[in-house]
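1. would you be able to build a 3D model of this:
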Amino acid sequence: MPSDVHLDLLVPARDDRRLADTPDERELRRLFARERSRPHVRANMVTSVDGAATGGDGRSGTLGTPADRRVFAVLRALADVVLVGAGTVRAEGYRELPVPEHLRAARAAAGLPARIELAVVTRRGEVPPGLRDGPHPPYVVTGTAGAGPTRDAVGPERTLVVPGVDDPDAPDLRAAVATLAERGLRHVLAEGGPHLLGDLLAADVVDELCLTTGPLVVAGDAPRLAVGPAPLDPARRAHLRHLLHATDGTLLACWDLRAPVGSGA
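-> The predicted structure is shown next:
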């Protein structure tokens with residue numbers, strides 16, 4: 001539901017709008033709208049000021065703020081499918097993804113179906129019971145080893161077997177994005193966790209990274225935002241599309257990972 005959180009647009013510097021907290025989130029939807037005729041992968045993550053990707057309870061949700069939840073709802077309402085790792089599904093308690101009531105009319109007006117699809121990435125084909133036993137099971141992205149268990153859990157129509165070239169048991173995420181697009185799910189919202197984001201970046205399929213920095217310092221041994229077996233080589237260039245600032249100190253950045261070198265914000 002709409003809240004009392006105001007968002008100031010800091011970047012681009014020439015734009016000093018305050019994005020009004022209207023019931024249909026018209027301004028935020030316009031800010032995050034993208035061309036829909038081609039596949040687009042947007043990652044959405046949250047971090048603390050000191051770089052932790054989870055709070056002390058091991059969940060990213062504890063780092064969220066009202067401003068983060070406001071943008072989070074809009075990004076989901078613009079997506080065809082939410083892509084998430086099986087570990088994050090268990091840790092965060094994912095279930096079906098209802099569209100908030102205040103965004104349903106806008107989603108329908110954009111020609112999007114009422115249901116946001118969920119796609120779970122798992123190497124071993126492990127699907128939490130709360131998802132596989134529901135009336136609308138998720139898509140499950142897996143490799144060779146997970147194919148059988150996945151078909152047993154959610155059925156063949158919801159199983160996407162995309163074996164990796166070097167490791168057939170590891171899902172090929174580039175092929176997964178293409179397969180989802182073939183099913184009409186072109187706008188992918190990847191919500192983590194850090195290992196999945198690292199794999200998506202390594203596969204070079206992330207077009208855009210929406211990064212919330214909550215006004216918290218947590219220390220400890222929490223994972224960083226993106227985790228992988230090796231650094232990206234070369235590192236990806238990121239260009240700031242916009243930066244929002246909330247009254248509680250939350251910063252919400254949108255980074256373009258496809259902009260040509262030398263392009264401005």
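
2. helix, strand, or coil at Val46?
-> Under DSSP: H, G, I helix; E, B strand; the rest coil, the three-state class of Val46 is strand.

3. what is the burial count for Ile101?
-> Careful, residue 101 is Glu; it's not Ile. Neighbour count of Glu101, defined by other CB atoms under 10 Å: 9. (Each C-beta comes from the backbone N, C-alpha and C, glycine too.)

4. actually Arg258, sorry about that
-> Around Arg258 sit 14 other residues, with neighbours defined as other CB under 10 Å.

5. which strand or helix spans it?
-> Mapping Arg258 onto the secondary structure by DSSP states H and E places it in no helix or strand at all.

6. hang on, it packs against Asp207?
-> Yes - contact criterion CB atoms under 8 Å: Arg258 and Asp207 qualify, at 5.2 Å.

7. touching, Pro137 and Pro156? I think so.
-> No - distance between Pro137 and Pro156: 11.5 Å, which falls outside the contact criterion (CB under 8 Å).

8. who has more neighbours, these two?
-> Set side by side, Pro137 and Pro156 show unequal neighbour counts under other CB under 10 Å, the larger going to Pro137 at 19 against 10.

9. against Leu118, how distant is the nearest residue to the more buried one once chain neighbours are set aside?
-> When the adjacent residues along the chain are set aside, Pro137 lies closest to Val154, with 4.1 Å between them (CB to CB, 6 or more residues apart in numbering). Distance of Val154 to Leu118, given as CB to CB, to the nearest Å: 11 Å.

10. quick check: the gap between the spatially closest residue to Asp50 that is not a sequence neighbour and Gly249.
-> If you skip the residues right next to it in sequence, Asp50 has Val217 as its closest partner in space, 4.9 Å away by CB to CB, 6+ apart. Val217 is 12 Å from Gly249, where distance means CB to CB.

11. higher neighbour count, these two?
-> In terms of neighbours (other CB under 10 Å), Gly249 is the more surrounded of Val217 and Gly249; the figures are 13 against 10.

12. roughly how far does that one sit from Val49?
-> Plainly put, Gly249 is 9 Å away from Val49 if you go by CB to CB.

13. common neighbours of these two, please.
-> Listed contacts common to Gly249 and Val49 are Pro215; contacts here mean CB atoms under 8 Å, 6 or more residues apart in numbering.

14. residue boundaries of the strands in the stretch 1-150 of the chain?
-> With DSSP state E, counting those that start in this stretch, the ranges of strands along the stretch 1-150 of the chain come out as 7-11, 18-19, 40-47, 81-85, 117-121, 139-142.

15. let me see the contact set for the residue nearest to Pro137.
-> Contacts were defined as CB under 8 Å, 6+ apart; by that measure Val154 touches Val127, Arg132, Pro137, Pro138, Tyr139, Val140.

16. got it, and His187?
-> Residues counted as contacts of His187 (CB under 8 Å, 6+ apart) are Arg34, Arg36, Pro39, His40, Arg42, Leu78, Ala79, Asp80, Val81.

17. which non-adjacent residue is nearest it?
-> Across the structure, with CB to CB, 6+ apart as the measure, the residue nearest His187 apart from its sequence neighbours is Asp80 (4.5 Å).

18. can I get stretch 99-109 in PDB? Just the C-alpha atoms.
-> Extracted C-alpha coordinates of stretch 99-109, given in PDB (Å, rounded to 0.1, in the frame of the first residue of the first chain):
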ATOM      1  CA  VAL A  99       0.400  -8.200  -7.300                       C
ATOM      2  CA  PRO A 100      -0.300  -5.500  -4.600                       C
ATOM      3  CA  GLU A 101      -3.900  -4.300  -4.900                       C
ATOM      4  CA  HIS A 102      -2.900  -0.700  -5.600                       C
ATOM      5  CA  LEU A 103      -0.800  -1.800  -8.700                       C
ATOM      6  CA  ARG A 104      -3.200  -4.300 -10.200                       C
ATOM      7  CA  ALA A 105      -5.000  -1.900 -12.500                       C
ATOM      8  CA  ALA A 106      -1.800  -0.400 -13.800                       C
ATOM      9  CA  ARG A 107      -0.400  -3.900 -14.500                       C
ATOM     10  CA  ALA A 108      -3.500  -4.900 -16.400                       C
ATOM     11  CA  ALA A 109      -3.500  -1.600 -18.400                       C
END
